[in-house]
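> With the sequence up front, the predicted model follows.
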Amino acid sequence: MDASAVFRTRGLTKVYHQGDVEVHALRGVDLDLFPGELVVMLGASGSGKSTLLNILGGLDVPTSGDVFYLDTDLSHASEAELTAFRREHVGFVFQFYNLIPSLTARENVAAVTEIASDPMTPEAALSMVGLEPRMDHFPAQLSGGEQQRVAIARAIAKRPRVLLCDEPTGALDSATGVLVLEALDKANRETGTTTVIITHNAAIAAMADRVITVSDGRISGETRNDQRQDPGTLAW
Amino acid sequence: MISARIRGRWRGDVMIRSTASLNTKIRRELWQMRGQVLAIALVIAGGVGVCVMSLANYSSLMVTRADYYQQYRFADVFANLKRAPRSMVEKVAAIPGIERISARVEGAAKLEMPDFPEPVSARLVSLPPRGQPAVNQLYVRQGHLPRPGRSQEVAIIGSFANAHDLRPGDRFGAIIHGRRQVLTVTAVVESPEFIYTIPPGGMLPDYERYGVLWMSRESLEAAMDMKGAFNSLVLTVDRGASENSVIEAIDRLLDRYGVTGAFARSDQFSHRFLDDELSQLKTMATVFPAIFMTVAMFLLNVVINRLINTQRDIIAILKAFGYSNGQIGWHYSKLVLTIAVIGLFLGLLLGVWTGRAMGEMYMDYYRFPGLLFRMDPRWLLVLTAGTLGVAWLGGWQAIHKAASLPPAEAMRPEGPTRYRTGWVERILTPLRFSQPSRMIVRQLIRRPGRTVLSVMGVAMATGIVLVGNFQFDSVSLMVHQQFARVQQQDVTASFIEPRNASALYTLQQQPGVRYAEGRRVVSARLIHEHRQWRGSVTGMPEDARLQFVVDQKMRAVPLPTEGLLLTDFLARRLGVNVGDDVRVQFLEGKRKSMSMPVAGITSELVGVGAYARLDVLNRASGDGPVINQALLNLDPDARARVYRELREAPGVLGISIRQAMLDSFYDTLAKTFLTFTFFNSLLGGVIAFGVMYNTIRISLAEKGRELASLRVLGYTHNEVSHILLGEMAIIVAVGIPLGWLIGQGLARLIVGALETELYRVPLTITGQTLGVSATVVIVSALVSGLVAWWRLRNLDLIAVLKTRE
């Protein structure tokens, strides 16, 4: 076990009860995530990768097992502690962007920077994803790719230790998806934020430091890329 | 051919099965949103409840009264005269058109009620030797009617019996025509002729100090020195016969016997006031439901529209499955109609329950023999059709909108709503908004239609509670003005015969009397063109200090040196203005008739009348300086003694006491009026709650995803609650003052519609009423807000993020 890991999970399980049926979403996951690395987590839908991401992000708690963020035990954290954890340390990017339609791009970012303790300015975050010129546009005036980049700016603006992205290109076409991945790659390089991208799209794996494969609630494989490939060269 | 048939059958089969599953969907959804369903149903129930309550109450009273009148043969025509020989009865009966006739002796008595030191007066009416009179029969509640030859036996009216707790067998003393007798109660009765009884000199009923007694004709004739004579006629006319020609014939025939002018039922005292009250009730029974239903329907439309909007994506998915617009329309119609039916049913129950409760109360009050609880089924049909129609229409707009969207478009994640920085926000720029506050402002501005509807919803709810409540203030103000400003005497004593004005000085000299003022009240008929009013003209001293006539601002109106002052209500009824002439026919004394100018208009709130200076009236009626009423202010300590002396004074017919009038007012009129009001504000409160609850729940449904996103970003529960509830708070803050304005407008409408001869309620809305209406709405909002707050707490963050809007 590496003491410098940002996240550390041991024997993580998650069981959902859907009516009388028990769904074992996670069946014992041991995982370490290290500072600054970009990890792509591959898996089919239903493999448990989203559940794992939700637990890492403090949106959900495991049924058993431990999950530590640095020295904080998230598996036994209270609702208020989880809220504080998300507020200070985690950035989220979702498949469907989840922007607030009534706020402009800049204000959407500001919604997060206002409650963070050491944020960058919304403008800086937006320029990092290349959206400075469209900062005062409302979500309805932005394309899907642009909306997702606003979501990335919003996620990195608070300078989180980890950036968790759930299928960030899932709703986008290939060319737009590449732009989004470039933004994530840039943010990871420039801020040193540990970044986890979960996807079922194997083509994305090439941009990662490390690729973790999840299937049937377990980690079924792990490979390390010698060199991260520039997202601009990816296509699917 | 065959394959087409098979396909048809197959499709039909699918349709049936899918309809069944859609029904399941409706059932589950209704159950899942049961809180909201109930809240919408409550809005409907409030509106329907008020309608049913008012209409059932009104129609029940109308039917009950009609039945009472018919069963007990209430007279169509009445005549009072000085004295006519019994032989005249046959001549009168021969007038064509008369169906039944009853000639009676009437008189007045002073009663000595045990344990009740104040003067009590009574009206005496004779009964025929055997059985019931042919007209104006009695409903015997208890005991048996007085028997001929038993001069001490009397039947007493129920209201008086109640007030003094009298039963058959009880005895009390009475002075009839100056002779003291002890009377024994043999029966407690009710009469269609005396549903309302107001003591001489009084303006409102006083059941403790005034009663009606029935004796055998023989006994009353003897007591009143009326052997072989009569002084009162009551009769019914044949169906289709002209009342007016009967009245004219009677007046001609009995003129030399001192008839004071026969009159129709519409001028009969009790009937007139009852009619007034019922028409007031009718107004309430139409104005209130109209207001309530309009508001309820408006709100229903709003909430259903928004409810359907939250199902937009489901509608798209159903369309993608291959459901036709018609099927989807019908599916959601069923959802909407089910809610409406629940509301309708609740409303009917609520309305019948409150209507019956009020009916029972009116029963007590009007003393009808029994309540016939009625509701015209046509009204129920109209209500049902109206409610379902409006509910469906409210839903239809939203369903139509959702169904007309191409399914693919609705199934794609919905594009963010278009927002931009509006002018309102630019004005507000100097204020530094946090992002959540900015969200609130933009949401309000970007959907002005919805914001306006929400604000209107709150405003209507506020207005409806206000309308239910303001009347208490208004009635209180009316009573206060009447008894503190207009009518300042403690006691009004009425004399049996007019007396010389010097009698006043004798009264003034009595120990315990601080001040005495004389007045004269003369029965008269006022005629202008084809309109007439049967009442009295009151003569008041020029320097009146105890009772005045006042204008709209409650300032005393000076008495003119000639002519009359008329209450505005009466002037309107007669269609006269200042400067017009009215024909005045005095119905007593020399019974002179003359034309008098209307010199001014007054605005008392209680009672109506024609007023003149005492000397002007006496000159007009052809009498000397006489009075027949004395208004007294008493030493508080000497009251009992003065009451005793008045009770024993032979010339005094009866007295009316200010405090007693006040008490009786609150006991009777105010009670029925305010009970109605209470139920209205209760149902108004129900509506208000339903609206607030729905507004917040729908708002929560619309914003759930956004708020969950913020929660994921690290916003605390309270911070996101601020966004939802802050928007609500602004809507409530704007809606309430608007509601006060709307309520005031509605109140003005109601006050105008409620004017009667008995009293006119002024429009006044106190801070307290404004406060109550605001409080009901705010408490509803808080309770609803608490539910939303709790729901936000349990928001499933992951689920919301995974699903699209």
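Received, thanks. Since we're looking at a predicted model, the values are computed, not measured.
> quick one: residue B:189 and residue B:157 touch, right?
Yes - with contact defined as Cβ atoms under 8 Å, residue B:189 reaches residue B:157; the gap is 6.4 Å. The way it works is simple: take the backbone N, C-alpha and C, and place the C-beta from them, glycine included.
> between these two, who's got more neighbours?
Set side by side, residue B:189 and residue B:157 show more neighbours around residue B:157, with 28 against 25, by other Cβ atoms under 10 Å in any protein chain shown.
> Return the residues of chain A in contact with chain B.
A:54, A:57, A:59-60, A:79-80, A:83-84, A:86-88, A:90, A:92, A:94, A:96, A:98-104, A:107-108, A:110-112, A:114-116, A:138-141, A:147, A:154, A:158, A:171 (Cβ under 8 Å from any Cβ of the partner chain).
> So which of those residues are in strands?
Of the residues of chain A next to chain B, the ones assigned to strands by DSSP state E are A:90, A:92.
> Which strand or helix spans the residue in chain B positioned nearest to chain A?
Of all residues in chain B, residue B:714 sits closest to chain A, at 2.7 Å by Cβ to the nearest Cβ. In the assignment (DSSP states H and E), residue B:714 maps to no helix and no strand.
> check contacts around it.
A:83-84, A:86-88, A:90, A:112, A:115-116, A:158 (Cβ atoms under 8 Å, 6 or more residues apart in numbering or on different chains).
> mind checking pLDDT for it?
We have a pLDDT of 82 for residue B:714.
> And for residue 122, the neighbour number?
Using chain A. Neighbours of residue A:122 (other Cβ under 10 Å): 25.
> Sorry, I should have been clearer: chain B.
25.
> So what does it look like in phi/psi?
As for residue B:122, its main-chain torsions (degrees, to the nearest 10) stand at phi -150, psi 160.
> Any idea what it is bridged to?
residue B:109, residue B:211 (DSSP bridges).
> which residues of the stretch 551-700 of chain B fall in strands?
B:564-567, B:581-586, B:593-602, B:610-613, B:626-634, B:652-657 (DSSP state E, counting those that start in this stretch).
> Flag the shaky bits of chain A, pLDDT-wise.
Low-confidence segments of chain A, defined by pLDDT under 70: A:1-3, A:19.
> Tell me the buried residues in the helix of greatest length in it?
In chain A, assigned by DSSP state H, the helix with the most residues is helix A:174-191. Applying a neighbour-count criterion of 16 or more other Cβ atoms under 10 Å in any protein chain shown, one finds A:176-188, A:191 buried in helix A:174-191.
> Pull up the gap between residue B:232 and residue B:246, please.
16 Å (Cβ to Cβ, to the nearest Å).
> which of the two has more neighbours?
Taking other Cβ under 10 Å, residue B:232 and residue B:246 do not tie; residue B:246 has more neighbours (24 against 17).
> in which helix or strand would I find the more buried one?
For residue B:246, the host element (DSSP H and E) is helix B:243-254.
> which strands and helices sit next to that helix?
Packing partners of helix B:243-254 (3 or more Cβ pairs under 8 Å, 6 or more residues apart in numbering or on different chains; DSSP states H and E): strand B:77-85, helix B:87-93, strand B:229-237, strand B:263-264.
> Pick the most buried one from the ones you listed.
Across these, averaging neighbours per residue (mean count of other Cβ atoms under 10 Å in any protein chain shown) puts strand B:229-237 on top, at a mean of 22.
> For that one, give the mean pLDDT please.
Model confidence over strand B:229-237 averages 95 on the pLDDT scale.
> and that strand, which strands flank it?
Here strand B:229-237 is paired, per DSSP bridges, with strand B:77-85 (antiparallel), strand B:98-104 (antiparallel).
> Redo the ones you listed as TSV? Include mean pLDDT.
Listed next are those as TSV, based on pLDDT from 0 to 100:
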stretch	mean pLDDT
strand B:77-85	93
strand B:98-104	95
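> can the ones you listed go into CSV with extra columns for distance to residue A:21?
As requested, these are exported to CSV (distance: least, Cβ to Cβ, whole Å):
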stretch, distance to residue A:21
strand B:77-85, 86
strand B:98-104, 86
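> what residue is smack in the middle of chain A?
When Cα atoms, centre = their mean is applied to chain A, the residue found nearest the centroid is residue A:164 (1.2 Å).
> Surely residue A:199 and residue A:40 touch.
Yes - counting by Cβ under 8 Å, residue A:199 touches residue A:40, with 6.5 Å between them.
> Quick check: next helix or strand after the longest helix of chain A?
Next element after helix A:174-191 (DSSP H and E): strand A:194-199.
> How about the next helix or strand after that following strand, which residues are buried there?
Later in the chain than strand A:194-199, the nearest helix or strand by DSSP H and E is strand A:210-215. Under the neighbour-count criterion of 16+ other Cβ under 10 Å, strand A:210-215 has A:210-214 buried.
> between these, which is closest to chain B?
So of these, ranked by how close each gets to chain B (Cβ to the nearest Cβ), first place is residue A:214, at 17.0 Å.
> tell me the contacts of the closest one?
Shown in contact with residue A:214 (Cβ under 8 Å, 6+ apart): A:41-43, A:47-49, A:52, A:220.
> burial measure for residue A:31, as a count.
Neighbour tally, residue A:31, other Cβ under 10 Å: 20.
> re earlier: so which of the strands of the stretch 551-700 of chain B is the most packed in?
Between the strands of the stretch 551-700 of chain B, strand B:564-567 has the highest mean count of neighbours, a mean of 27, where neighbours are mean count of other Cβ under 10 Å.
> Run the chain-centre distance for it.
From the chain centre to the centre of strand B:564-567 is a distance of 27 Å (Cα atoms, centre = their mean, to the nearest Å).
> Could you do stretch B:65-83 as well?
Centre-to-centre, stretch B:65-83 and its host chain are 26 Å apart (Cα atoms, centre = their mean).
> what's the span of that stretch from first residue to last?
32 Å (Cα to Cα, to the nearest Å).
> And stretch B:709-716, by the same measure?
11 Å.
> Can you give me the buried ones in it?
B:709-716.
> before we move on, what about stretch B:30-38?
Buried residues in stretch B:30-38 (16+ other Cβ under 10 Å): B:30, B:33, B:36-38.
> could I get the residues you listed as TSV with distance to chain A?
Formatted as TSV, the buried residues of stretch B:30-38 follow (distance: Cβ to the nearest Cβ, whole Å):
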residue	distance to chain A
B:30	21
B:33	21
B:36	24
B:37	24
B:38	27
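> C-terminal to the biggest helix by length in chain B, what's the next element?
Secondary structure of chain B per DSSP H: the longest helix is helix B:669-712. Once the chain leaves helix B:669-712, the next helix or strand it forms, by DSSP H and E, is helix B:717-753.
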